[in-house]
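Colleague: here are the coordinates; sequence isn't available:
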């Protein structure tokens, strides 16, 4: 509801002869500083060449005070607003009217058109099971997609399939050697090949016939790749409930025409040169620490050339206006060259990179490093099977993705109030039960009579601003933080005031506050991809 305060201040500022001035409104740290506070008088002082205290007082004299209990100007020029029951009741009425749409906005619409944005996340190599670090990017990226859509962006969610390169040769060799061992042949298994039961499982299912070894390797390569991609798609869609609009094949970028067009484009930009037979791109001209090879002397392309093809595909061919790219923490040094190429292509500032730090799975205070064969687990699929999807999602979302994370398996297994996801879901279930017991009632005047009711109401009002803020900062961890704070505020409200009185009558003010709380809590859980149970 900052927008109401901002609107009032815009009208007041217009009386000073200033229009379209950017106004910042914040939630003060202490209740003594009001419900909302603004530094606009100090900013106007630079424009009007007057004292901020004088400007603040002049604004206070003309501002519309409907819904405002008190306005004060304090040094060095902050304007603090204390709202009254009319303001709070009006906000609750708006939540009840808008329902699940409350919190959505049109900030993603620019000049009448939704901004076209792509979010590429998870994108695990199809050479093994999805691990915990991949899962962290998967759930965070999925929630960000939902937030951006709530802000009216035209969002495409994309999984980039790394189906081109030497890692697939290693996968094929791994499966082929395990296959030979299963046939009773005495073949060694070099350390650089992929380990894990999944390789043996693939080897046990493949059917091969005698043919030249080169053909056999190619057959195994394509079959194993197809099987791994199929498994990933099934797991991500059916088990993780993450939907991708596009599954983009890296191999599809290596069309002869696309390669030629990319090289021609870079040539036209004048940023290619040849040295010792290799073709370099002059990324140092755009902030990189060194120039990069895209074609080796033997004519082979480098991995970096794949990234260039993908960037051209994103911005030139598919014309995305912005892209968000989740990368593992070990790729920190990679961003510089990517941003340099984008600048060279004319798309500077169009790519936001979100780094995902490592995850440690902790049990009884110790990191779990053992294998599945020894009775523990490390794959994301096994974790979801062990503790459930809702808990897994919540725990991965509740920390900033760019901070190291210890996943507390002991806490995740708890089905109690100590486990934050169950605490929040229980609040929603309690709301459903309470409202069902109270029955259906028509809208009625709202009067809030306790500090707990006012605190809960003011927290509900923060939801729209939180959604829009996350669409800019990408701080998804604020969603579970807010949901947990909201559940706590509801439980405090529930403990100090009855919705259904002892004589069976329904307090309609508290009833409507409970309705509004259920709406916002459901909206928050929905954006996180976590179920909102009606019974627990």
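Modeller: Received the coordinates, thanks. Quick caveat: nothing in here was measured; it's all calculated off a predicted structure. Residues are numbered from 1 along each chain as shown.
Colleague: Enumerate every residue touching the residue most central in space within the chain.
Modeller: Centroid check for the chain by Cα atoms, centre = their mean gives residue 144 as the closest residue, at 3.0 Å. By Cβ atoms under 8 Å, 6 or more residues apart in numbering, the contact set of residue 144 is 119, 121, 324, 470, 474, 476. All C-beta atoms are positioned from the backbone trio N, CA, C, and that covers glycine.
Colleague: now swap in residue 414 and tell me
Modeller: Going by Cβ under 8 Å, 6+ apart, residue 414 touches residue 422.
Colleague: so how far is residue 406 from it?
Modeller: From residue 414 across to residue 406, the span is 16 Å (Cβ to Cβ, to the nearest Å).
Colleague: now residue 277
Modeller: Residue 277 is 49 Å from residue 406, by Cβ to Cβ.
Colleague: Neighbour count: these two, which is higher?
Modeller: residue 406 (13 against 10; other Cβ atoms under 10 Å).
Colleague: who's in contact with residue 37?
Modeller: With contact taken as Cβ under 8 Å, 6+ apart, residue 37 is in contact with 25-28, 78-81.
Colleague: again, only this time at 7 Å
Modeller: By Cβ atoms under 7 Å, 6 or more residues apart in numbering, the contact list for residue 37 reads 26, 28, 78-80.
Colleague: Likewise for residue 47?
Modeller: With contact taken as Cβ under 7 Å, 6+ apart, residue 47 is in contact with residue 18.
Colleague: What residues of the one helix or strand it maps to count as buried?
Modeller: With elements taken from DSSP states H and E, the one containing residue 47 is helix 40-48. Buried residues in helix 40-48, counted by 16 or more other Cβ atoms under 10 Å: 40-45, 48.
Colleague: mean confidence score for the next helix or strand after that helix?
Modeller: Downstream of helix 40-48, the next assigned helix or strand under DSSP H and E is helix 52-62. Computed over helix 52-62, the mean pLDDT rounds to 95.
Colleague: Over to stretch 405-414?
Modeller: The average pLDDT for stretch 405-414 rounds to 94.
Colleague: swap in stretch 362-372?
Modeller: Mean pLDDT, stretch 362-372: 74.
Colleague: try stretch 96-109
Modeller: Across stretch 96-109, pLDDT averages out at 97.
Colleague: Downstream of the host helix or strand of residue 149, the next helix or strand is which one?
Modeller: Using DSSP H and E, residue 149 maps to helix 132-150. Following helix 132-150 in sequence order, the next helix or strand is strand 154-161 (DSSP H and E).
Colleague: and the angle from that following strand to helix 132-150?
Modeller: Between strand 154-161 and helix 132-150, the angle comes out at 160 degrees (axes from the mean of the first three to the mean of the last three Cα atoms, to 10 degrees).
Colleague: Could you give the separation of strand 154-161 from the chain centroid?
Modeller: With Cα atoms, centre = their mean, to the nearest Å as the basis, strand 154-161 stands 13 Å off its chain's centre.
Colleague: ok, now stretch 339-352?
Modeller: Mean C-alpha position of stretch 339-352 versus that of the full chain (Cα atoms, centre = their mean) differs by 22 Å.
Colleague: Could you tell me the end-to-end distance of it?
Modeller: Across stretch 339-352, the terminal residues are separated by 9 Å (Cα to Cα, to the nearest Å).
Colleague: again, but for stretch 160-170
Modeller: This stretch, stretch 160-170, spans 19 Å end to end (Cα to Cα).
Colleague: Give me the buried positions along that stretch.
Modeller: For stretch 160-170, by 16+ other Cβ under 10 Å, it's 160-164, 168, 170.
Colleague: Domain map for the chain?
Modeller: According to automatic domain parsing, the chain comprises the domains 2-83, 115-163+165-249+357-413, 417-528.
Colleague: Can you lay out these as JSON lines showing distance to residue 316?
Modeller: Shown next, in JSON lines, are those (distance: least, Cβ to Cβ, whole Å):
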{"stretch": "domain 2-83", "distance to residue 316": "34"}
{"stretch": "domain 115-163+165-249+357-413", "distance to residue 316": "13"}
{"stretch": "domain 417-528", "distance to residue 316": "24"}
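Colleague: what's the closest of these to residue 290?
Modeller: Of all the domains of the chain, domain 115-163+165-249+357-413 sits nearest to residue 290, with 22.2 Å by Cβ to Cβ.
Colleague: Give me the buried subset of the contacts of residue 37.
Modeller: Applying 16+ other Cβ under 10 Å to the contacts of residue 37 flags 78-80 as buried.
Colleague: Those in strands, which ones?
Modeller: Judged by DSSP state E, the buried ones among the contacts of residue 37 include 78-80 as members of strands.
Colleague: For the helix or strand bottoming out on mean pLDDT in the chain, which strands pair with it and how are they oriented?
Modeller: Every helix and strand in the chain was compared by mean pLDDT, DSSP states H and E; the lowest is strand 366-367, with a mean of 88. Looking at strand 366-367 with DSSP bridges, its partner strands are strand 359-363 (antiparallel).
Colleague: next one: the partner strand to chain centre, how far?
Modeller: Centroid separation between strand 359-363 and its chain, computed with Cα atoms, centre = their mean, is 21 Å.
Colleague: Name the SS class of the spatially closest residue to residue 351 that is not a sequence neighbour, please.
Modeller: Spatial nearest neighbour of residue 351, excluding adjacent residues (Cβ to Cβ, 6 or more residues apart in numbering): residue 323 at 5.0 Å. Going by DSSP: H, G, I helix; E, B strand; the rest coil, the secondary structure assigned to residue 323 is strand.
Colleague: Also the one 3 residues further on?
Modeller: Here residue 326 is recorded as strand under three-state DSSP.
Colleague: pLDDT score for it?
Modeller: In this model, residue 326 is scored at 96, pLDDT.
Colleague: so it touches residue 351, yeah?
Modeller: No - shown here, residue 326 and residue 351 do not form a contact pair, counting by Cβ atoms under 7 Å, at 11.7 Å.
Colleague: quick one: which of those two has more around it?
Modeller: Neighbour count, other Cβ under 10 Å: between residue 326 and residue 351, residue 326 has more, with 24 against 20.
Colleague: how close does residue 5 get to residue 48?
Modeller: Between residue 5 and residue 48 the computed distance is 21 Å (Cβ to Cβ).
Colleague: before we move on, back to that, nearest to residue 446, of the buried residues of helix 40-48?
Modeller: Taking these together and measuring to residue 446 by Cβ to Cβ, the closest member is residue 40, at 29.8 Å.
Colleague: Enumerate every residue touching that closest one.
Modeller: Neighbour list for residue 40: 9, 23-24, 79 [criterion: Cβ under 7 Å, 6+ apart].
Colleague: do that again at 10 Å, thanks
Modeller: Each residue near residue 40 by Cβ atoms under 10 Å, 6 or more residues apart in numbering is listed here: 6, 9-10, 12-13, 18, 21-25, 52, 55-56, 59, 77-79.
Colleague: Okay, now the unreliable bits of this protein?
Modeller: Along the chain, the parts satisfying pLDDT under 70 run over 369-377.
Colleague: Could you check how many residues crowd around residue 251?
Modeller: Look at residue 251: counted by other Cβ under 10 Å, it has 15 neighbours.
Colleague: Could you pull up the residues touching it?
Modeller: Going by Cβ under 10 Å, 6+ apart, residue 251 touches 161-165, 168, 225, 306.
Colleague: Now do stretch 40-59: distance to the chain's middle.
Modeller: Distance, stretch centre to chain centre, for stretch 40-59: 39 Å (Cα atoms, centre = their mean).
Colleague: same check, this time on stretch 241-250
Modeller: Stretch 241-250 has its C-alpha centroid displaced from the chain centroid by 16 Å (Cα atoms, centre = their mean).
Colleague: gap between the two ends of it?
Modeller: Start and end residues of stretch 241-250 are separated by 24 Å (Cα to Cα).
Colleague: List the buried residues for it?
Modeller: Buried, per 16+ other Cβ under 10 Å, within stretch 241-250: 242, 244, 248, 250.
Colleague: Which single one of those residues is nearest to residue 427?
Modeller: Nearest to residue 427, judged by Cβ to Cβ, of the buried residues of stretch 241-250 is residue 242 at 25.4 Å.
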